[in-house]
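Novice: Quick one, what's the 3D model for this:
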Amino acid sequence: MDPPGETTVEKPTAEVVESKPKQGDEKVEKSCFLTILDNPERGADYTILQALTRVDMLVLFLSTFCGLGSSLTAVDNLGQIGESLGYPNKTVTSFVSLVSIWNFFRRVFSVFVSETLIVKYKLPRPLMMTMVLVFACIGYLLVAFPVPGSLYVASIIIGFSFGAQ
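Specialist: Below is the predicted model of the structure:
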């Protein structure tokens, strides 16, 4: 009962409309933990958990870890390598510049080349990474067994492969 003189205001009630999906519209999405063992087609989108459990991802991780480490070491120490081989300071500066220029050049074009090789020729990324690492090994060998002028070529190769990685 309301006290005399006061009126009660009824609060509107919200109607809940339940819509049931139609026969063909039902789409059940599984949890990402349930799809870890599903094997999508080659080239299809993977979930993060699916990618982490694949051998391709492990190969890419290990090759990137080892390859980038060795390339970074070579790039960082190129100045000291040039000095220890008896090159003048002006020439050592040229080596470092060549590494930087070719690193930039390859970074700009690596995405274009990588996507073209994947789409057109269906080359997997681990194979492309392997080719880049083999190319980098040629540069490391030129540093390890120097002949006159080989550090110029080695700095171009190392810079190119470092940008590609």
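
Novice: Show me the shaky parts of this structure.
Specialist: Filtered on pLDDT under 70, the chain yields the residue ranges 1-28, 31-35, 37, 42-43.

Novice: Please name the nearest non-neighbouring residue to residue 81.
Specialist: Counting by C-beta to C-beta, 6 or more residues apart in numbering, residue 81 lies nearest to residue 143, which is 6.0 Å off, once chain neighbours are set aside. C-beta coordinates here come from the backbone N, C-alpha and C atoms, glycine included.

Novice: Thought residue 153 was touching that neighbour, still the case?
Specialist: No: with contacts counted by C-beta atoms under 8 Å, residue 143 stays clear of residue 153, the gap being 10.0 Å.

Novice: Looking at the two now, which is surrounded by more residues?
Specialist: More crowded of residue 143 and residue 153, by other C-beta atoms under 10 Å: residue 143, with 20 against 15.

Novice: counting contacts, what elements does the lengthiest helix in the chain pack onto?
Specialist: Under DSSP state H, the helix in the chain containing the largest number of residues is helix 89-121. With contacts defined as 3 or more C-beta pairs under 8 Å, 6 or more residues apart in numbering; DSSP states H and E, helix 89-121 has these neighbours: helix 78-84, helix 125-144, helix 150-164.

Novice: Could you list the buried residues of the last one?
Specialist: Yep, that's helix 150-164 we're talking about. 150-152, 154-164 (16 or more other C-beta atoms under 10 Å).
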